[in-house]
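Peer 1: This is a predicted model, with the sequence first.
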Amino acid sequence: MMRMGVMGGTFDPIHYGHLVTAESAYESFHLDHVQFVPVGTPPHKDEEVLTPARHRLAMTRLAVTNNPHFVASSVEVERPGASYTIDTMRYFHEQYGPDVELFFITGVDAIMEIPNWNNAKGLFELCTFIAATRPGYSVERFQAFLSELTPRRRRKIKTLEVPALAISSTDLRRRVREGRSIKYLVPDLVEHYIADHGLYRKSSN
Ligand code: NAP
């Protein structure tokens with residue numbers, strides 16, 4: 001069986017917290033590689049306040065260049081319509097065949113919303129979830145969420161503590177807007193891309 005990580009996120013912008021999360025998942029769950037999938041059109045967010053998908057994909061590509069077991073995927077950016085995780089997981093299942101075991105990696109806050117996602121039932125059948133936690137996240141809220149799941153679903157959610165997730169995209173956007181440094185929080189190539197394209201300078205994104 002191939003064990004494949006699918007790292008889903010808006011990545012607005014991608015930062016070292018995301019990269020450390022994926023590397024830690026790769027190591028801890030013995031994954032063969034990790035596909036980074038920037039959301040194309042999020043069903044749950046106002047598209048107008050998001051950086052255009054082409055920029056978020058370009059930054060993701062730059063961020064993964066130096067890691068041989070990381071890949072950036074344009075599957076959600078290229079797929080028309082709302083980006084539903086179920087469609088992405090089905091896509092990877094078809095691409096890699098029945099011998100692939102899929103692990104969907106994302107932030108714990110997003111994980112707690114899964115029961116409300118499109119075809120949550122199908123998703124629990126297709127993959128295992130890895131919930132990346134930030135320092136200071138609400139353990140009680142997460143435990144309460146887990147306790148409401150059936151034992152079968154609970155077994156499909158794994159927790160990954162990631163101290164480096166103290167970095168957040170929201171904070172990075174604020175820093176750029178305020179003219180502050182983002183050095184050592186994002187890869188150099190991403191820092192230069194943000195500067196070259198004038199991203200995050202206005203409060204709209
Ligand atoms: P979000 O609400 O922007 O993020 C929730 C929290 O998780 C934030 O603190 C975020 O921090 C963190 N986070 C996001 N992606 C992460 C990652 N890969 N690793 C570690 N932390 C991460 O969530 P989102 O980015 O929009 O969505 C997360 C994933 O869930 C995406 O793949 C999205 O497509 C999927 N989703 C699917 C559906 C659906 O199918 N109906 C609905 C909602 C979300 P940062 O801001 O620092 O990243």
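Peer 2: Looks like it arrived, so ask away.
Peer 1: which residue packs closest to Arg154, ignoring adjacent ones?
Peer 2: Leu146 (5.4 Å; C-beta to C-beta, 6 or more residues apart in numbering). For glycine as for every other residue, the C-beta is placed from the backbone atoms N, C-alpha and C.
Peer 1: quick one: what helix or strand has the one you found in it?
Peer 2: helix 139-147 (DSSP states H and E).
Peer 1: Toward the C-terminus, what is the element adjacent to that helix?
Peer 2: Following helix 139-147 in sequence order, the next helix or strand is helix 151-154 (DSSP H and E).
Peer 1: which residues touch that next one?
Peer 2: With contacts defined as C-beta atoms under 8 Å, 6 or more residues apart in numbering, helix 151-154 is touched by Phe124, Leu146.
Peer 1: before we move on, back to that, check the offset of the helix holding Leu146 from the chain's centre.
Peer 2: 21 Å (C-alpha atoms, centre = their mean, to the nearest Å).
Peer 1: and the residue found closest to Lys45 once you drop the neighbours it is linked to in the chain, how many residues sit next to it?
Peer 2: Computed as C-beta to C-beta, 6+ apart, the closest residue to Lys45 that is not its neighbour in sequence is Thr10, at 7.2 Å. If you count neighbours by other C-beta atoms under 10 Å, Thr10 ends up with 20.
Peer 1: Let me know the distance separating Thr10 from the ligand.
Peer 2: To the ligand, Thr10 is 4 Å away according to C-beta to the nearest ligand atom, to the nearest Å.
Peer 1: thinking that residue is in contact with Phe36, fair?
Peer 2: No. Contact criterion C-beta atoms under 8 Å: Thr10 and Phe36 do not qualify, at 11.7 Å.
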